[in-house]
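Participant: Attaching a predicted model along with its sequence, questions to come.
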Amino acid sequence: LEFAILSLQGNPAHFELYVSGFSLTGSPIKNTGFVFFALCVLFNIVNVWMEEGVFRGLFIKLLSETKPFMAANLIAAFLFGIWHIVMPIRSYIDGEVSFGAMAFMSIGYVILAGIMGVKWGLLYRVTRNLWVGLGDHLFNNTVATNMLHVVSSTGTDELQIVRIMAAQLVSFVLVLVIYHHKNRKTNE
């Protein structure tokens, strides 16, 4: 999708593999050494383990004691979305974006991270463990966000949000179909 959009704009692109710090305004630093890749994977494992453990493993479990699963999942996903607005706030504080851009990106983060949170909650429910969601979350953070970059003559990862949103929506629909299929079998 990203390649198609850039190509239609007369701006062909290619993939590059390197480690960058995640930034809403693009990171100009390209780290290609083994140590950077290893640290990226390690730090993302720690982050994903913590986020999945708290938002799916703890919040959904606790909320499910008093609420139906779907309500618990939606609340945990909303909290997961709120958790991620720190990125736009940091970009605003660092002077990288305006207040309006920060507000717009914050809303987008709540929606995108919320969709991802619902998806990982459904995976938790379907599999009865956190492992599949952990793997998907790790792939998203490590490969799609920090290592695999689309580069064109006008910049790097200019449409990264489009790529991530499209991938998350497609995988969300797939997980939703699996969830409903499995739920239907259980209720028969």
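Facilitator: Arrived safely. If you're wondering where the values come from, they're calculated on a predicted model, not measured in any experiment.
Participant: what sits up against stretch 143-151?
Facilitator: Here stretch 143-151 makes contact (Cβ atoms under 8 Å, 6 or more residues apart in numbering) with 2-3, 6, 13-22, 37, 40, 44, 156-160, 163-164, 167. Where C-beta positions appear, they are placed from N, C-alpha and C, glycine not excepted.
Participant: Separate out the buried members of the residues you listed.
Facilitator: For those, a burial check counting by 16 or more other Cβ atoms under 10 Å picks out 2, 6, 13, 18-20, 37, 40, 44, 156-160, 163-164.
Participant: related to what we said a few turns ago, looking at the contacts of stretch 143-151, which are in strands?
Facilitator: Judged by DSSP state E, the contacts of stretch 143-151 include 13, 14, 15, 16, 17, 156 as members of strands.
Participant: part of a helix, is residue 150?
Facilitator: No - Residue 150 sits outside any helix when classified using DSSP: H, G, I helix; E, B strand; the rest coil, being strand.
Participant: Give me the buried positions along stretch 104-123.
Facilitator: In stretch 104-123, counting by 16+ other Cβ under 10 Å, buried: 105-106, 108-110, 112-123.
Participant: quick one: it to chain centroid distance?
Facilitator: Taking Cα atoms, centre = their mean, to the nearest Å, one finds stretch 104-123 lying 7 Å from the centre of the chain it belongs to.
Participant: one step back: any chance of the ones in strands among the contacts of stretch 143-151 in a markdown table, with pLDDT too?
Facilitator: Shown next, in a markdown table, are these (pLDDT from 0 to 100):
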| residue | pLDDT |
| --- | --- |
| 13 | 93 |
| 14 | 93 |
| 15 | 92 |
| 16 | 92 |
| 17 | 94 |
| 156 | 86 |
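Participant: possible to save the residues you listed as TSV with distance to residue 98?
Facilitator: Output for the ones in strands among the contacts of stretch 143-151, formatted as TSV (distance: Cβ to Cβ, whole Å):
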residue	distance to residue 98
13	27
14	31
15	31
16	29
17	32
156	21
